[in-house]
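# what shape does this take:
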Amino acid sequence: MVKIISFANQKGGVGKTTTAINIATSLATIKKRVLLIDLDPQGNAGTGLGFVRASHKQSVYGVLMGTASVAENILTTAVPNMHILPASAALAGAELDMLDLPNREYRLRDALNQIADNYDYILIDCPPALGMLTINALSASDFVIIPLQCEFFALEGVQQLLSTIHAIQQKWNPKLDILGMVLTMYDKKLGLTHAVEDDVRNTFGDKVFKTVVPRNVRISEAPSHGKPALFYDFKSPGAQAYLRVATEVVNALERKETK
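Numbers count the residues shown, from 1 in each chain. Okay, the predicted model is just below:
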């Protein structure tokens, strides 16, 4: 059965899109059928996989509005076993456009039911905001992964997200569960990094993945070449870290299935 996982954090610049792209790629490399949904109006997930928005008409926007099916808006990526449902500029207006739509919190969930059996994993890159797009993503998801940058305000931001997750569990999606938190942009030379890590691990315990993703220039360079870090420089510390995170994701899901 398909696993639907959102990557969410209302704070921008925490490595959310990079994490979604590279975990999706890691899962695809072990022969899993993966769909990555770019629900961020900035469209960085598509750009990071080499798609130029002006060069294709496909978009998740029409799917949310009910004017197009999911199947006709999915693109094949250069990563074997991996597809993408891309964003478009029109997605920036989706928050307002969805206000008067019926079942507006479930637009994405209901659309995904049409193609869920085609995939092992559907990963959703949420926008850095707690609006209707993120609510749609979390209402459609089984799990959420929270990327956290190792900086002073990391915990402050995540508390607001946890409140939103709790509200969604209460109102729209009681099965939603936090699969884990990923510490990103980790710089072991900085004392602040270790202080934030200790704080996060003491607060959330085993909800924090053991693997940390280092601050790595190859991760930063990869999107400008339209490639995941794993394809751009497989041996780089960042790419290898994301492979280990993906392994932890699979193991965490297996543990939940056996409970």
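# relative to A129, how far out is the residue lying closest to G50 once chain neighbours are set aside?
Once flanking residues are discounted, G50 sits nearest to G226: 2.8 Å by CB to CB, 6 or more residues apart in numbering. C-beta here means a position set from N, CA and C on the backbone, and glycine is covered the same way. Using CB to CB, to the nearest Å, one obtains 25 Å as the distance from G226 to A129.
# over to Q169?
19 Å.
# my guess is H83 contacts A71, does it?
No: applying CB atoms under 8 Å as the test, H83 and A71 come out as separate, 10.3 Å apart.
# out of these two, which sits in the busier spot?
Each of H83 and A71 has its neighbours counted (other CB atoms under 10 Å); H83 has more, 21 against 12.
# can I get the longest strand seen in the chain in PDB, CA atoms only?
Using DSSP state E to define each element, the chain has its longest strand at strand 177-186. What follows is strand 177-186, C-alpha atoms only, in PDB (Å, rounded to 0.1, in the frame of the first residue of the first chain):
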ATOM      1  CA  ASP A 177       1.700  10.800  12.400                       C
ATOM      2  CA  ILE A 178       5.100  12.400  12.700                       C
ATOM      3  CA  LEU A 179       7.600  10.000  11.100                       C
ATOM      4  CA  GLY A 180      10.600  11.900  12.200                       C
ATOM      5  CA  MET A 181      12.700  15.100  12.200                       C
ATOM      6  CA  VAL A 182      15.800  15.600  10.100                       C
ATOM      7  CA  LEU A 183      18.600  17.900  11.300                       C
ATOM      8  CA  THR A 184      19.900  19.700   8.200                       C
ATOM      9  CA  MET A 185      22.800  22.100   7.400                       C
ATOM     10  CA  TYR A 186      24.700  20.500  10.300                       C
END
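# strand partners (parallel or antiparallel) of that strand?
strand 143-149 (parallel), strand 208-214 (parallel) (DSSP bridges).
# next, the buried residues of it.
Neighbour-count burial for strand 177-186, counted by 16 or more other CB atoms under 10 Å, picks out 178-186.
# which residues sit against the helix or strand bottoming out on mean pLDDT in the chain?
Ranked by mean pLDDT, DSSP states H and E, the weakest helix or strand in the chain is helix 154-171, scoring a mean of 88. With contact meaning CB atoms under 8 Å, 6 or more residues apart in numbering, helix 154-171 is reached by 8-11, 14, 105, 130, 134-135, 138-139, 144, 146, 148, 176, 178, 181, 196, 199-200, 203.
# and the angle from that helix to strand 143-149?
Put simply, helix 154-171 runs at 170 degrees to strand 143-149, going by axes from the mean of the first three to the mean of the last three CA atoms, to 10 degrees.
# report the buried residues of helix 154-171.
Buried-residue list, helix 154-171, by 16+ other CB under 10 Å: 154, 157-158, 161, 164-165, 168.
# make JSON lines from the residues you listed and add distance to L96 to it.
Shown next, in JSON lines, are the buried residues of helix 154-171 (distance: CB to CB, whole Å):
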{"residue": "A154", "distance to L96": "31"}
{"residue": "G157", "distance to L96": "25"}
{"residue": "V158", "distance to L96": "27"}
{"residue": "L161", "distance to L96": "23"}
{"residue": "T164", "distance to L96": "19"}
{"residue": "I165", "distance to L96": "24"}
{"residue": "I168", "distance to L96": "20"}
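# name the element L99 belongs to?
L99 is part of no helix or strand when elements are defined by DSSP states H and E.
# actually A24, sorry about that
helix 16-29.
# quick check: next helix or strand after that helix?
Immediately after helix 16-29, counting by DSSP H and E, sits strand 34-38.
# would you mind finding the most buried of the strands paired with strand 177-186?
strand 143-149 (a mean of 24; mean count of other CB atoms under 10 Å).
# helix 16-29 and that strand, what's the angle between them?
Using the same axes, to 10 degrees: strand 143-149 against helix 16-29 is 130 degrees.
# what average pLDDT does strand 143-149 get?
Per-residue pLDDT over strand 143-149 has a mean of 96.
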